[in-house]
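Q: got a sequence here, can you build the structure:
(2 chains)
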There are 2 protein chains.
Amino acid sequence: VTAPVREHALIERLAGAFRGSPAQLNRRHESDAELVRLPGTGVILALTTDALVEEIASGLYSDPWLIGWMAVTVNASDLAAVGAEPLGILMSIALPPDASDDLVAGLRTGLGAAADAHGLPVIGGDTSRGATLSLTGTAVGLVSPGRPLTRCGARPGDRLFATGRLGLGGAYALGRLLPGSAPEVTFRPLARLREGRLLRRVASCAMDTSDGLIATLDELARRNGCGFSLATPVEEVLHQDVLRAATAAHLPPRLMLAGPHGEFELVFTVPSDRCDALTAGAADAGWAPVELGVVTGEPGVVNLGAGGGPIDTTRVRNLFEDIGGDPRSYLRALNALLEPPTM
Amino acid sequence: VTAPVREHALIERLAGAFRGSPAQLNRRHESDAELVRLPGTGVILALTTDALVEEIASGLYSDPWLIGWMAVTVNASDLAAVGAEPLGILMSIALPPDASDDLVAGLRTGLGAAADAHGLPVIGGDTSRGATLSLTGTAVGLVSPGRPLTRCGARPGDRLFATGRLGLGGAYALGRLLPGSAPEVTFRPLARLREGRLLRRVASCAMDTSDGLIATLDELARRNGCGFSLATPVEEVLHQDVLRAATAAHLPPRLMLAGPHGEFELVFTVPSDRCDALTAGAADAGWAPVELGVVTGEPGVVNLGAGGGPIDTTRVRNLFEDIGGDPRSYLRALNALLEPPTM
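A: Below you'll find the predicted structure:
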């Protein structure tokens, strides 16, 4: 996979030649959270920062409670993808000049609910006055000694899973950005911290679906020089509410997997000989992995199954920015990219 | 000191009843960086987040290089105030839609230069598209085992110092926000990380002057139930460039200590019997503490010396927001607050 990802190009321009830390275990893009070994100890810190800016400006998130909830969850999800134990989160909040009491109270209760739900206490923060509302979280977690779980390590023949059914992020975004086009779905994701700690023992790589399934597969294909072939019917991959929304909106269900707003599940690969351990460990913990397909040896070739040919995951990933943000044009173009000529 | 600080009130509204972490050693406002003991180890993490939002929107910082430099420095300064060893920083950047190549390149070189100068490598980050430019840094450091250095611990009779001469932050802000009113001063602060590590051994409390000397003294008085009496002539407290700028602008020099934009020195207190250790340790390290005065037993009473009575540090601290941001009205009101009737 060599076509450039727009977001990667921007990060190169902003951070090109930065000297890293000798204590850092991962290179850029190799894991959802940065992994830093504390000098003189076996302890590995997991650190991640993620801001809500466009999501608020575009109206994707407008309920103050949900904004607070998501500011914690997006960061907790990065900790989950490296199998970290949550330690705490710092929250920097820029409030607009006209911030109402309801806005402030909604943010506080959403932040507090998500902190409690994830066991990720808000340990500090910063406030400022900005033109528009934005929240930037930075989460810290601990990773037990040993080889860390990252985006790297998948091998051809490994099996591909998700921690749960997918599509709620896409269906939610559709309902918000094209009101009336589809029944609204409830969107209040819980980061998969518990699942991530099991994956630490069995998975060869993992990444969260914060940017949607296709972007996740594109990134994992880049990191591992592999491809993916999906075999499970889309009806068994999508959340029931998402299937209902797609049907009601007369949209192909797989569209719900392809948008840039994901559902904060984990996607991960497991060597065949550890799949029994995955099944048993997940059953013990009360969840069921959703099998998606397999890792292939064809670099960058992602096939969604159902008789279609491989899709251009880089174009899918860049599409929302390429189109310039109009939701209807985006959906049309996205649909075309997902229906490649059969081979 | 019981009058409310505007910033504290907002933080209460945003974070009022948050459950903290049992691993956290400080309570809210007690230290410049959050201090968290890693479970099962003696290691203490120092964590701090600080955003540049108003500083950019107001034009206080407009050179992209300086914006990048300051985004690192403001966070490094919080690590310095707790005597931490820097480990790394995460940088979340919201770029406006029209961000030029020069802006991006300037940010990158400023960030990189400050990261190198402070030994605080940029280990990760996040990019987004915002209406306006903003940068949110989160720095991580390590504190060696033992009683941490915080804002708490000053006792009446302790002596009050700064790590260097003060006023550059105020004089710089004056030159930027009221162009032509005073000669511009060079402002490129370096956080006092090395000094902070010495203070860990000798100081009873410490805080950086990110919000200016008066706000720092107000906060330290609140945390310690003490007062401060300054004895050193203002000519020996202010940086030479600041004295020149004040004289040229026909402004009372002490005004340069009172504005909300500080110089990122550390202000700290030292018990009398450790002052020799301070002098010797600082001389070994090639710096000279600036003595400001003494800690008194009168809660909240801050006297700037030179024959004046105590000043209302809370009103000084809230004034910029109370006035609504007009620099000339602010300066007039500030001057009045600094010239209380003699007792």
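Q: going forward, measure contacts and count neighbours with C-alpha atoms only.
A: Will do.
Q: go through stretch A:309-323 and flag the buried ones.
A: For stretch A:309-323, the neighbour count (16 or more other CA atoms under 10 Å in any protein chain shown) marks A:309-320 as buried.
Q: the residues you listed in strands, which ones?
A: Counting by DSSP state E, the buried residues of stretch A:309-323 place A:310-311 in strands.
Q: pick the one among the buried residues of stretch A:309-323 closest to chain B.
A: Distance ranking of the buried residues of stretch A:309-323 against chain B, using CA to the nearest CA, places residue A:320 first at 13.0 Å.
Q: give the other helices and strands that the strand or helix carrying residue A:171 contacts.
A: Per DSSP states H and E: residue A:171 is located in helix A:168-177. When contacts are defined as 3 or more CA pairs under 8 Å, 6 or more residues apart in numbering or on different chains; DSSP states H and E, helix A:168-177 packs onto helix A:240-248.
Q: CA atoms only: put the helix or strand following the helix it packs on into PDB for me.
A: Heading C-terminal from helix A:240-248, the first helix or strand you meet, by DSSP H and E, is strand A:266-270. Output of strand A:266-270 as PDB, limited to C-alpha atoms (Å, rounded to 0.1, in the frame of the first residue of the first chain):
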ATOM      1  CA  LEU A 266     -11.400  -3.200  18.400                       C
ATOM      2  CA  VAL A 267     -10.400  -5.000  15.200                       C
ATOM      3  CA  PHE A 268      -7.800  -7.600  15.800                       C
ATOM      4  CA  THR A 269      -6.000 -10.600  14.300                       C
ATOM      5  CA  VAL A 270      -5.400 -13.900  16.000                       C
END
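Q: avg pLDDT for strand A:266-270?
A: If you average the pLDDT over strand A:266-270, you get 98.
Q: equivalent analysis for stretch A:87-97, please.
A: pLDDT averaged over stretch A:87-97 gives 97.
Q: neighbours of the residue nearest to residue A:190 when sequence neighbours are not counted, just the number please.
A: Using CA to CA, 6 or more residues apart in numbering or on different chains and skipping residues adjacent in sequence, the residue nearest residue A:190 is residue A:73, 6.5 Å away. Residue A:73 has 27 neighbours, counted by other CA atoms under 10 Å in any protein chain shown.
Q: and the helix or strand harbouring residue A:73 with strand A:266-270, angle?
A: Using DSSP H and E, residue A:73 sits within helix A:64-81. Put simply, helix A:64-81 runs at 20 degrees to strand A:266-270, going by axes from the mean of the first three to the mean of the last three CA atoms, to 10 degrees.
Q: counting by contacts, list what helix A:64-81 packs against.
A: strand A:44-52, strand A:85-95, helix A:101-118, strand A:134-143, helix A:193-202, strand A:205-208.
Q: tell me the centre residue of chain A?
A: residue A:210 (2.0 Å; CA atoms, centre = their mean).
Q: just the pLDDT for that one.
A: 97.
Q: residue contacts, it?
A: Under the criterion of CA atoms under 8 Å, 6 or more residues apart in numbering or on different chains, the neighbours of residue A:210 are A:74, A:260-265.
Q: quick one, which of the residues you listed are buried?
A: A:74, A:260-265.
Q: before we move on, back to that, spit out the contact partners of the residue nearest to residue A:190.
A: The contact partners of residue A:73, by CA under 8 Å, 6+ apart, come to A:114, A:118, A:189-191.
Q: show me which of the residues you listed is closest to residue A:157.
A: residue A:191 (27.5 Å; CA to CA).
Q: for that closest one, helix, strand, or coil?
A: coil (DSSP: H, G, I helix; E, B strand; the rest coil).
Q: that one and residue B:254, how far apart?
A: Note on residue A:191: its distance to residue B:254, by CA to CA, to the nearest Å, is 52 Å.
Q: which one of those two has more residues nearby?
A: residue A:191 (27 against 22).
Q: pretty sure that one sits against residue A:76.
A: Yes. At 5.8 Å, residue A:191 and residue A:76 qualify as touching, with contact defined as CA atoms under 8 Å.
Q: who touches both of those two?
A: Joint contacts of residue A:191 and residue A:76 (CA under 8 Å, 6+ apart) are residue A:118.
Q: how about the closest residue to residue A:268 other than its chain neighbours, what does it touch?
A: The shortest distance from residue A:268 to any non-neighbouring residue, by CA to CA, 6+ apart, is to residue A:206 (4.2 Å). Residues near residue A:206 by CA under 8 Å, 6+ apart: A:81-82, A:149-152, A:199, A:266-269.
Q: at 10 Å instead, please
A: A:31-32, A:80-83, A:149-154, A:160-162, A:196, A:199-200, A:216, A:220, A:266-270 (CA atoms under 10 Å, 6 or more residues apart in numbering or on different chains).
Q: from the contacts of residue A:73, pick the one nearest residue B:53.
A: Of the contacts of residue A:73, the one sitting nearest to residue B:53 (CA to CA) turns out to be residue A:114, at 25.4 Å.
Q: was I right about the closest one contacting residue A:121?
A: Yes. Using CA atoms under 10 Å, residue A:114 makes contact with residue A:121 at a distance of 8.9 Å.
Q: and for these two, which residues touch both?
A: Shared contacts of residue A:114 and residue A:121 (CA under 10 Å, 6+ apart): residue A:72.
Q: residue A:263 touches residue A:216, doesn't it?
A: No. Judged on CA under 10 Å, residue A:263 makes no contact with residue A:216 at a distance of 11.4 Å.
Q: give me the common contacts of these two.
A: A:208-210.
Q: find the nearest non-adjacent residue to residue A:155, please.
A: In space, residue A:155 is closest to residue A:295, 6.5 Å off (CA to CA, 6+ apart).
Q: for the residue in the stretch 101-250 of chain A that chain B sits nearest to, report the pLDDT, please.
A: Using CA to the nearest CA, residue A:108 is the residue of the stretch 101-250 of chain A that sits closest to chain B, at 5.1 Å. With respect to pLDDT, residue A:108 scores 97.
Q: just to revisit the earlier point, using TSV, please lay out the buried residues of stretch A:309-323 together with pLDDT and distance to chain B.
A: What follows is the buried residues of stretch A:309-323, written out as TSV (pLDDT from 0 to 100; distance: CA to the nearest CA, whole Å):
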residue	pLDDT	distance to chain B
A:309	84	33
A:310	92	30
A:311	93	26
A:312	94	24
A:313	95	21
A:314	94	19
A:315	94	19
A:316	94	19
A:317	94	15
A:318	93	14
A:319	94	16
A:320	91	13
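Q: out of the buried residues of stretch A:309-323, flag the one nearest to residue A:333.
A: When the buried residues of stretch A:309-323 are compared against residue A:333 (criterion: CA to CA), the nearest one is residue A:319, at 7.9 Å.
Q: the closest one and residue A:214, how far apart?
A: 12 Å.
Q: cool, and residue A:137?
A: 25 Å.
Q: which ones are touching residue A:265?
A: A:77, A:80-81, A:162-169, A:189-193, A:195-196, A:207-210, A:212-213.
Q: now swap in residue A:19 and tell me
A: B:112, B:115-116, B:120-123.
Q: residue at max distance from the center of chain A?
A: Outermost in chain A, CA atoms, centre = their mean: residue A:40 at 32.6 Å.
Q: quick one, phi/psi of it?
A: Main-chain dihedrals, residue A:40, degrees, to the nearest 10: phi 80, psi 10.
Q: any idea how far it is from residue B:207?
A: 28 Å.
Q: quick one: the nearest residue to residue A:236 once chain neighbours are set aside from residue A:80, how far?
A: In space, and not counting its chain neighbours, residue A:236 is closest to residue A:165: 7.7 Å by CA to CA, 6+ apart. Between residue A:165 and residue A:80 the computed distance is 17 Å (CA to CA).
Q: who's more crowded, these two?
A: residue A:80 (31 against 22).
Q: any idea how far the more buried one is from residue A:157?
A: Counting by CA to CA, the gap from residue A:80 to residue A:157 is 24 Å.
Q: any idea how far stretch A:252-262 is from the chain center?
A: Averaged C-alpha coordinates place stretch A:252-262 at 13 Å from its chain's average position (CA atoms, centre = their mean, to the nearest Å).
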